[in-house]
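In: The sequence and its predicted three-dimensional model are supplied below.
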Amino acid sequence: MFTGIVEDVGKVKEIKTKSKDVLFTIQVKNIDAGEIGLGESVAVNGTCLTVISSGKNNFTVEASRETLKRTNLSKLKVGSKVNLERALKIGGRLGGHIVNGHVDGIGKVDSIEKRGKSIEICFSLPEELSRYVVEKGSVAVDGVSLTINAVNGNRFLVNIIPYTQDATIFAELKPGDLVNIECDIIGKYVEKFVLGKDKKKDIRELIEKL
């Protein structure tokens, strides 16, 4: 489990293919790689991956074919920068929101606008995920916990303050870039409890019957 508060911006140092899986060796700056244990979970651009080895200032994670298909990790190259977060410790602060590291789908940067020192980014996401995105709700984009300012169909707006620009890879985003989207898990559980297996039901009709 993660919080969506990025601890470091890492750089892909090496990419190796192992059967149908891919090994990413990531160089770190702020995280102490020596403290990362084998088998530990690290969120790389919001994707929960298992550490299989670590060095002085780097660690290696393994991504399966399924993970590569469902995330933007397949687009990484040597030199690519990635958002990093280690798993939440029991008793730690939940500074963002509950993030599982299980990416729901791939979104896209539609536009980026300057808003004073902040930037406003419009993301589009797969149509089937739009029902989980609500105004003033939470969403994880490339592993970053964000508050949604506005929603229009399958598009949503977020505001990125200067600190977040400096602490993540968002300052380097440009229109057309692909991002990992993880919707708020609470909304998905509520939908499951209310609708059961039939997601085609109109939840508004069910609420009116209560």
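Out: Sure thing, it's come through. Numbers count the residues shown, from 1 in each chain.

In: what stretches of this structure score poorly on pLDDT?
Out: Where the chain drops to pLDDT under 70, the residues are 196-210.

In: Could you pull out the buried residues of the longest helix along the chain?
Out: Ranked by number of residues, the top helix in the chain under DSSP state H is helix 185-195. Within helix 185-195, the residues scored as buried using 16 or more other CB atoms under 10 Å are I185, G187. All C-beta spots, glycine's among them, are computed from the backbone N, C-alpha and C.

In: do stretch 56-68 as well
Out: N58, F59, T60, V61, E62, A63, T67, L68.

In: excluding its backbone neighbours, what's nearest the fourth one?
Out: Beyond its immediate neighbours in the sequence, the residue positioned closest to V61 (CB to CB, 6 or more residues apart in numbering) is L49, lying 3.8 Å away.

In: Name the residues that touch the helix or strand where the one you found lies?
Out: According to DSSP states H and E, L49 maps onto strand 47-54. Strand 47-54 has contacts (CB atoms under 8 Å, 6 or more residues apart in numbering) with 2, 23-24, 33-34, 36-43, 59-63, 67, 71, 73, 100-103, 143, 180.

In: please redo it, this time with the cut-off set to 6 Å
Out: A33, I36, E40, S41, V42, F59, T60, V61, E62, T71, G101, V103 (CB atoms under 6 Å, 6 or more residues apart in numbering).

In: where do the strands sit along this structure?
Out: Taking DSSP state E as the test, the strands found in the chain are 8-18, 21-27, 41-44, 47-54, 58-63, 81-86, 105-115, 118-124, 138-141, 144-152, 155-160, 178-183.

In: now what about the fifth one, what contacts it?
Out: Identification of contacts with strand 58-63 by CB under 6 Å, 6+ apart yields 13, 21-25, 27, 33, 36, 49, 51-53, 73.

In: Pop the domain breakdown of this structure in here.
Out: Per automatic domain parsing, the domain ranges recorded for the chain read 8-86, 105-192.
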